[in-house]
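1. Using only what follows, build the 3D model:
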Amino acid sequence: EVRVILGEENLGEAEATLASLSCSAMRVGDRLIGFVAVGRIQPNAFSPDEVTLLDMFAVQAAAVLENSLLNERNAVLAAALQNLADAVLLTDLHEVIIHANPAACTLFDVAPDQLHGHRVRKVFAPGFPAEQLGRILDQGLVTGWSGEIEGHRHDEAFPMSLQLTPVRSRGGRVIGLVLS
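-> Numbering: from 1, shown residues only. Modelled structure (predicted):
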């Protein structure tokens, strides 16, 4: 027996016993993240259609909750990336820069739009052998790479330590490259 207190400001309080309870699981993949429960004081108060509707609502509510949590986590990660003292570039699989943090823009003395959408080779010294750079970038996508290399800003080459790390999806597939 489940006893509940029913009440509204103008009606006072009344006590009732729930005679019907429908509960639907909120799942994201195989993870259980909560429940949606609706109770009524009438016995056998839920039709099959109402139970189906509650199940559909639970699926949607789980997706909304999960997206909200992911958005919050992404905002924290984006803020951390923006505030790092180290220069960080993120590329896609075609070596195109899709993100440059402020420290990277400062290092290469350019505005973000001068890096975004450009090939990552732009930040390396023009005289650096293309084949060697290709091997370094390829290794970065597979196992990672670190070492010293010549960077480039305006008409000046400068030495820089570089770490390449592959970015992997949840399934383990490489989807990009981090240069830091």
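2. Check which helices and strands the helix or strand hosting Leu177 is in contact with.
-> Element membership for Leu177 (DSSP states H and E) is strand 174-179. Packing partners of strand 174-179 (3 or more CB pairs under 8 Å, 6 or more residues apart in numbering; DSSP states H and E): strand 89-91, helix 130-142, strand 156-168. C-beta: built from backbone N, CA, C; applies to glycine.
3. Nearest to Ala45 among the ones you listed would be which one?
-> For these, proximity to Ala45 was assessed by CB to CB; strand 156-168 is nearest, at 49.1 Å.
4. circling back to that earlier point, pick the most buried one from the helices and strands packed on strand 174-179.
-> The highest average neighbour count among those, using mean count of other CB atoms under 10 Å, belongs to strand 89-91 at a mean of 21.
5. Give the rounded mean pLDDT of that strand.
-> Across strand 89-91, the average pLDDT comes to 95.
6. Which strands border whichever helix or strand comes after it, and is each parallel or antiparallel?
-> Remark: after strand 89-91, the chain's next helix or strand is strand 97-100, criterion DSSP H and E. Its sheet considered, strand 97-100 pairs with strand 89-91 (antiparallel) by DSSP bridges.
7. Any idea what the residue nearest to Gly140 when sequence neighbours are not counted is bridged to?
-> Of all residues not flanking Gly140 in the chain, Leu164 sits nearest, at 2.9 Å (CB to CB, 6 or more residues apart in numbering). Beta-bridge pairing of Leu164 under DSSP bridges involves Trp145, Leu179.
8. Number the chain from 32, please
-> Yes, from this point I'll number from 32; that puts the last item at Leu195.
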